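Participant: Provided below are the primary sequence and the corresponding predicted coordinates.
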Amino acid sequence: MNNLVVTGFTNGNKINIYIDLSYSIQYIQVYRGSHLVGTYPPTPMIQLQSKNEPLLLTIVCVFVSGYKHSTAFAPDFRQPEVDTAGRAFKPGDILCASDNYGDFLPPGYMGHSAIVVDQDSIIEAVTSYPQVKKSPIDEFLTIHPIHVHYRSKDPDSGNKAANFAEDFLQSYNDKLDNGLAVPPFTFSSQIPLDDLETGLYCSKLVWHSYYQGANITFDNDFFLFAPEDLATTLQSDNRFRQIYKHPEFGFKVDL
């Protein structure tokens, strides 16, 4: 994509969002934070009322082909802050967010993480059923704009970690299909970090993808390997490099 799909700026108490309709767009979704403001047919401009809220405005353009293109604007809505057309994703990439779905906690207190398995998809552990699933990367970026993106400097390690996550998901789904028990989503302190069969959570699945898949161990300080621990570890791990970091990304507690 040579031209920006979405641009926008504030105009007094209005927000003007401009969409390049030379692209084959089926519909457009607008989010404030994780809240869906509305779904719109293809239109060259969407105008919204400006609100005095420190929330990103995310525009998701769904193409006729099914491709989803996300652009997030900072609270002043003057320049695109995250444009997924300009960011590549590779197997083994790690996405770690410090914000929370549904705003049940303010940013910085729990967060979420996932592992990229191909240029369009992540595998993640979540609280809803099924608790391990493959999801579109754009969905993660839309729900969790306040995130950091890391990549293994060794592509082979990234591929091995992604392959482990794929194999684990396949095994998990096979057990569900056959009525067998699967590890529940739990933060129980009674389950060791290296035990993935008794219980899991988002960043624990990422930890195991590299531990079992690529023979890479991420250090942990307390009983949980929380998204905060994952982000802190990756920041100082010279085996990884940072691809992107939202300016508001950060944690307020060490779990």
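Facilitator: Received it, and whenever you're ready, just let me know what you need. Numbers count the residues shown, from 1 in each chain.

Participant: quick one: low-confidence ranges for the chain?
Facilitator: By pLDDT under 70, the low-scoring segments of the chain are 1-4, 11-12, 53-55, 74-86, 101-109, 252-255.

Participant: Now do the helices in it.
Facilitator: 137-143, 155-177, 202-214, 227-236 (DSSP state H).

Participant: how far out from the middle of the chain is the first one?
Facilitator: The gap between the average C-alpha position of helix 137-143 and the chain average comes to 5 Å, counting by CA atoms, centre = their mean, to the nearest Å.

Participant: Which other helices and strands does it contact?
Facilitator: strand 57-63, strand 68-73, strand 94-97, strand 112-118, strand 121-125 (3 or more CB pairs under 8 Å, 6 or more residues apart in numbering; DSSP states H and E). For the C-beta atoms, the positions are set from N, CA and C on the backbone; glycine is no exception.

Participant: now do 10 Å
Facilitator: Helix 137-143 sits against strand 25-32, strand 57-63, strand 68-73, strand 94-97, strand 112-118, strand 121-125, strand 147-152, with contacts defined as 3 or more CB pairs under 10 Å, 6 or more residues apart in numbering; DSSP states H and E.

Participant: these two touch, right, Gly111 and His246?
Facilitator: No: contact status for Gly111 versus His246: not in contact, 11.8 Å apart, counting by CB atoms under 10 Å.

Participant: Which one's more surrounded, these two?
Facilitator: Gly111 (27 against 21; other CB atoms under 10 Å).

Participant: residue contacts, the closest residue to Gln131 other than its chain neighbours?
Facilitator: Leaving aside its chain neighbours, Gln131 sits nearest to Phe185 (4.4 Å; criterion: CB to CB, 6 or more residues apart in numbering). The contact partners of Phe185, by CB atoms under 10 Å, 6 or more residues apart in numbering, come to 125-132, 199-202, 204-205.
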